[in-house]
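Chemist: Build the 3D model from these lines:
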Amino acid sequence: MNKKPKMDLNSVVGISIAFAAIIGGQLLEGGHISSLMQTAAFLIVVGGTVGAVLLQSPVSVFINGMKMSRWVFFPPVQSSQQLIRQIIGWSYIARKEGLLALESHVQDVPDPLLKKGLQLLADGSEANKLREVLEIEACALVSHQRQSAKIWEAAGGYAPTIGILGAVIGLIHVMENLSDPELLGNGIAVAFVATVYGVGLANLVFLPIANKLKSIINDHIVMQEVLVDGFVAIANGENPRLLENRLKGYFV
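Modeler: Residues are numbered from 1 along each chain as shown. Have a look, this model is predicted:
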């Protein structure tokens with residue numbers, strides 16, 4: 001049974017401190033929060049960034065990257081101890097009852113890679129073929145996850161530049177209305193706030209999300225290595241106790 005992902009409090013506290021520091025600094029300087037709320041600047045930066053990222057990425061990758069962003073606050077449950085217990089349990093079953101006995105456990109496994117490995121074991125696949133198939137599937141999954149995470153890294157690269165573009169647009173608006181003082185303030189506000197949005201979103205949101213996703217994907221890679229190593233060892237008939245000690249070494 002899958003455990004429900006728990007909220008990552010580090011992410012909540014981190015982003016809260018970041019925005020609180022910026023807003024607090026604005027208030028301490030005697031400014032107003034409303035001066036940072038510029039719809040035009042927000043539209044330029046966010047819309048331009050989304051458009052640029054969409055231009056460079058396939059739609060499927062973009063959508064998956066957006067879905068993966070929830071991992072920042074609700075990371076997928078990855079229990080190394082549970083995975084090792086499962087593998088060692090299957091190892092004992094294979095030694096006592098034979099590899100074919102594992103087939104009855106295939107439907108109880110929700111993870112696709114685990115299910116594939118268990119089915120290959122039950123089918124009597126050779127160890128080298130088993131490793132080859134599982135590594136190909138694991139690499140394909142990780143590659144897709146990395147591509148999806150890169151949309152946030154790309155957004156972090158585009159946002160500051162588009163913020164500068166928004167500033168230039170605002171200044172152009174100012175220059176066009178030098179004869180009308182009432183319009184100067186709004187143009188200048190858009191010019192400066194667009195830069196704030198671009199740099200702020202890049203360094204407080206987009207790049208941190210990208211790096212957090214990379215860290216989670218790296219954890220996935222270790223779990224997949226344990227999975228592949230464990231299944232290959234079962235196929236080779238290795239001693240479950242020795243296998244358990246080796247798999248625990250991945251997490252020292």
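
Chemist: Which parts of this structure are helices?
Modeler: Counting by DSSP state H, the chain has helices at residues 9-28, 39-42, 48-56, 59-68, 80-97, 112-122, 127-176, 181-201, 207-235, 240-248.

Chemist: can you redo those as TSV with mean pLDDT?
Modeler: Output for the helices of the chain, formatted as TSV (pLDDT from 0 to 100):
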stretch	mean pLDDT
helix 9-28	87
helix 39-42	86
helix 48-56	95
helix 59-68	94
helix 80-97	91
helix 112-122	90
helix 127-176	91
helix 181-201	79
helix 207-235	93
helix 240-248	91
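
Chemist: and those as a markdown table, adding mean neighbour count and distance to Ser104?
Modeler: All C-beta spots, glycine's among them, are computed from the backbone N, C-alpha and C. Shown next, in a markdown table, are those (neighbours: other CB atoms under 10 Å; distance: least, CB to CB, whole Å):
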| stretch | mean neighbour count | distance to Ser104 |
| --- | --- | --- |
| helix 9-28 | 12 | 40 |
| helix 39-42 | 17 | 56 |
| helix 48-56 | 16 | 46 |
| helix 59-68 | 15 | 33 |
| helix 80-97 | 16 | 9 |
| helix 112-122 | 20 | 9 |
| helix 127-176 | 18 | 19 |
| helix 181-201 | 18 | 51 |
| helix 207-235 | 19 | 15 |
| helix 240-248 | 15 | 19 |
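
Chemist: Which residue is the nearest non-sequential neighbour of the residue sitting nearest the centre point of the chain?
Modeler: Nearest residue to the geometric centre of the chain (CA atoms, centre = their mean): Leu213, 2.7 Å. Spatial nearest neighbour of Leu213, excluding adjacent residues (CB to CB, 6 or more residues apart in numbering): Ala149 at 3.9 Å.

Chemist: so who does that neighbour touch?
Modeler: Applying CB atoms under 8 Å, 6 or more residues apart in numbering, we find Ala149 in contact with Gly65, Met68, Ala210, Leu213, Lys214, Ile217.

Chemist: follow-up on the earlier one: closest to Val106 out of the helices of the chain?
Modeler: Among the helices of the chain, helix 112-122 comes nearest to Val106, with 5.1 Å by CB to CB.

Chemist: now the closest one against helix 207-235, angle please.
Modeler: Counting by axes from the mean of the first three to the mean of the last three CA atoms, to 10 degrees, helix 112-122 lies at 10 degrees to helix 207-235.

Chemist: Which strands or helices does helix 112-122 pack on?
Modeler: Packed against helix 112-122 by the contact rule (3 or more CB pairs under 8 Å, 6 or more residues apart in numbering; DSSP states H and E) you find helix 80-97, helix 127-176, helix 207-235.
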